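Asks: got a structure for you, letters missing:
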């Protein structure tokens, strides 16, 4: 059985995945998780993650700011505490839709998830 662990935000790497987007993985295989991965993504004004899909279920919860999440072509303007469930293979994108920073929490139902861009 995995051992419980506290993970301070400043103790992990913050990755600049694309211009204006910082991805921070907080719970994953490196922290001892065996079934889930979770973290936060921060989007500067006008920053976005282009259309893509994953091979695992994903949960997104808005922490701050205003964003635009597109799920299978359907647009959703999102605000703090709004959430989305994204099933494996579902095409989706996310962008900062406001004039302030936009932050989400993400969770995957796997420690070995992958992201595939849609061209």
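Replies: Yes, it's here. This one's a predicted model, so the numbers in the text were calculated from it and none came from an experiment. Numbers count the residues shown, from 1 in each chain.
Asks: In the chain, mark out all the strands, start to finish.
Replies: For the chain, applying DSSP state E gives strands covering 14-18, 21-27, 37-43, 48-54, 58-64, 67-71, 74-78, 83-86, 92-96, 102-108, 115-117.
Asks: Which pLDDT value goes with residue 34?
Replies: Residue 34 is assigned 96 on the pLDDT scale.
Asks: Report how many residues lie close to it.
Replies: Using other C-beta atoms under 10 Å, residue 34 is surrounded by 9 other residues. For glycine as for every other residue, the C-beta is placed from the backbone atoms N, C-alpha and C.
Asks: Tell me the bridge partners for the residue at minimal distance from the centre of the chain.
Replies: What sits nearest the mean C-alpha location of the chain, by C-alpha atoms, centre = their mean, is residue 106, with 3.8 Å. Counting by DSSP bridges, residue 106 is bridged to residue 39, residue 60.
Asks: is it true that it touches residue 49?
Replies: No - using C-beta atoms under 8 Å, residue 106 is not in contact with residue 49; the gap is 10.3 Å.
Asks: Overlap in contacts, those two.
Replies: Jointly contacting residue 106 and residue 49 under the rule C-beta atoms under 8 Å, 6 or more residues apart in numbering are residue 41.
Asks: Run through the bridge partners of residue 96.
Replies: In beta-bridge terms (that is, DSSP bridges), residue 96 pairs with residue 67.
Asks: Within the sheet, what are the partner strands of the worst-scoring helix or strand of the chain on mean pLDDT, with directions?
Replies: Using mean pLDDT, DSSP states H and E, strand 14-18 stands out as the lowest-scoring helix or strand of the chain, at a mean of 92. Strand 14-18 pairs in its sheet with strand 21-27 (antiparallel), by DSSP bridges.
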